[in-house]
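Visitor: Test case, fold it:
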Amino acid sequence: MTTTYTSYRLITADLTKSLERVSEQPDVARETEYYLSKIGSIKTLDEFFADSRLYNYAMKAHGIEDMAYAKAFMRKVLTEGVDSDDAFANKLSDNRYKALVESLNFARHGEAATAFDSAQQGVVDKYTRQTLEENAGEENTGVRLALYFQRMAPAITSAYELIADEALAQVVRTVLQLPDEFAATDVDQQAKTIEKAIELEDFQDPGKLSAFLDRFTAIWEIGHSSDGYDPLAVFGSSSGYGISADLLLSINNLKLGGR
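Guide: Predicted coordinates for the structure are as follows:
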């Protein structure tokens with residue numbers, strides 16, 4: 001049986017090749033071909049929401065596939081954009097929604113939004129990476145966590161961002177060998193503990209980030225090799241991590257249905 005460390009290393013040793021293999025999977029290739037053939041002709045949000053294949057592809061690409069049903073919520077995110085401090089996406093702690101807006105920025109570019117590379121190949125690249133991580137998670141949750149952390153950690157600027165993302169927080173708690181109960185302690189105290197133990201700037205150094213994840217995968221293997229660990233404790237059904245409380249509150253305040 002391949003260990004967490006070995007599996008992670010096999011994937012990342014030639015990440016370009018690993019992503020290429022994912023892109024060649026029949027289901028991925030089929031959906032990508034459809035997305036690229038159609039997205040450039042989309043001129044409005046109404047057209048985007050009307051094509052469920054395009055919409056679902058973009059949602060999965062940004063790791064928010066499990067929010068696809070909340071079309072009123074997603075319409076508000078995309079309608080308000082990110083240029084204003086008061087924009088809906090900027091009020092959410094989850095940066096995935098801002099990333100979606102940056103990819104498909106109808107609020108800023110109007111009918112030209114889908115002509116940019118960010119809306120075309122940029123989304124395809126995100127979809128491929130997301131699929132790679134999900135595939136890895138089917139075999140080993142620890143590998144998926146490591147791949148996700150590798151992708152997200154370089155942009156982290158504060159311990160609070162780590163704490164707010166349960167998947168990132170799980171990696172950090174594992175490396176620091178903190179008990180599960182630590183997640184229930186005062187948030188400010190959690191931040192102080194993490195900032196004392198970790199230099200967040202190190203995550204911007206590929207070598208230091210790699211060493212950090214080598215340690216994570218080794219420790220994870222020891223703790224989860226045979227205990228039937230439930231991946232849903234960290235990951236949502238498909239998104240990479242669960243729906244946060246502020247999202248649920250916002251959804252409850254919106255009429256679902258896409259209008």
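
Visitor: tell me, how many neighbours does the closest residue to A155 other than its chain neighbours end up with?
Guide: Closest residue to A155 apart from its sequence neighbours, by CB to CB, 6 or more residues apart in numbering: N95 at 7.9 Å. Yep, even glycine has a C-beta here, placed from its N, CA and C like the rest. By the criterion of other CB atoms under 10 Å, N95 has 17 neighbours.

Visitor: And N95, what's its pLDDT?
Guide: Residue-level confidence at N95 comes out at 86, pLDDT.

Visitor: Tell me the spacing between it and S18.
Guide: Using CB to CB, to the nearest Å, we find N95 at a distance of 24 Å from S18.

Visitor: which phi and psi does the residue nearest in space to the middle of the chain have?
Guide: Central residue of the chain (CA atoms, centre = their mean): G63, 4.4 Å from the mean position. The phi/psi pair for G63 (degrees, to the nearest 10) reads phi 70, psi 20.

Visitor: same question, the one 10 residues further on
Guide: Comment: the main-chain dihedrals of F73 come out as phi -60, psi -50, following degrees, to the nearest 10.

Visitor: I64 is in contact with that one, correct?
Guide: No: with contact defined as CB atoms under 8 Å, F73 does not reach I64; the gap is 10.0 Å.

Visitor: Which of the two has more residues huddled nearby?
Guide: Between F73 and I64, counted using other CB under 10 Å, I64 has the larger neighbour count: 25 against 21.

Visitor: Hmm, that one is touching Y97, no?
Guide: Yes: with contacts counted by CB under 8 Å, I64 reaches Y97, the gap being 7.1 Å.

Visitor: I'd like the distance from the host helix or strand of E47 to the chain centre, please.
Guide: For E47, the host element (DSSP states H and E) is helix 45-50. Averaged C-alpha coordinates place helix 45-50 at 23 Å from its chain's average position (CA atoms, centre = their mean, to the nearest Å).

Visitor: and that helix, what does it pack onto?
Guide: helix 52-61, helix 71-80 (3 or more CB pairs under 8 Å, 6 or more residues apart in numbering; DSSP states H and E).
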